[in-house]
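[1] Any chance you could fold what I've pasted below:
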Amino acid sequence: MQLYYSPNACSLAIHILLREAGLPFGLVRVDLASHRTEHDVDFYTLNPMGQVPLLQLDDGGTLGEGAVIARYLAQLAPDAGLMPAPDSQAYWAVAQWQHFVATELHKGFTPLFNPQLGAEAKAVLRPALAAKFALVDRVLSSQPWLGGQQFSVADAYLFTVARWAGFVGLSLDGLVALQRFMQQVAARPAVQAALAAEGVA
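    Numbering: from 1, shown residues only. Down below sits the predicted model:
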């Protein structure tokens, strides 16, 4: 398999999961400004959406959308325990948090990265996003991982997205449980290997 990625983008979550799962894969870097790969291929010819992550499968097919790829990898390597047993209560808890990170946190950052949006507008948006992180902090104050007692696809995604706070001036100070979570994830060997491979710390 080949993972098309861009450093510090949401593709980092999939990169982490590939390493957590112990699956063989290669990396292809994508410049999201020019939408060309490191091999000078027009990325739109591979993914019409022009977005990472994109996973090229062994049979030549591709999968896009992080949540879909994450569940595919969890199913491909069930012994890694990245998703609980299908249709269990724990499974749906992880799925719920995975979607919360996607729709409430990830998409909440989108306007803050937009250079055309003024400072006043961004100042209005930051508190709402911070409040959603405060909710996550309350959950993590009573359990180590979003889904409960085991690291999952939702945690790799939260770690990736929460790292963006420093890029957009969003303060997460005071969210003790979230900060502890970030340190725990950062200490995982698969995470350290993914960060090193992408050249980000």
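[2] now the end-to-end length of stretch 20-27.
    Chord length of stretch 20-27, first to last residue, is 15 Å (CA to CA, to the nearest Å).
[3] In which helix or strand does the residue nearest to residue 201 when sequence neighbours are not counted reside?
    Residue nearest to residue 201 in three dimensions, not counting chain neighbours: residue 195, with 6.3 Å by CB to CB, 6 or more residues apart in numbering. Every C-beta, even on glycine, is put in place using the N, C-alpha and C of the backbone. In this assignment (DSSP states H and E), residue 195 forms part of helix 189-198.
[4] could you give me the average pLDDT of that helix?
    Across helix 189-198, pLDDT averages out at 98.
[5] Contacts made by it with the rest, please.
    5, 7-8, 12, 15-16, 19-20, 27, 156, 159, 185-186, 201 (CB atoms under 8 Å, 6 or more residues apart in numbering).
[6] one more time with 7 Å
    Contact with helix 189-198 is made by 5, 7, 12, 15, 16, 19, 20, 27, 185, 201, as judged by CB atoms under 7 Å, 6 or more residues apart in numbering.
[7] residues of stretch 21-41 that come out buried?
    21, 25, 28, 29, 30, 35, 37 (16 or more other CB atoms under 10 Å).
[8] can you check stretch 120-129 too?
    122, 125, 126, 129.
[9] sorry, back to before: which two in the buried residues of stretch 21-41 are spaced the farthest apart?
    21 and 35 (28.0 Å; CB to CB).
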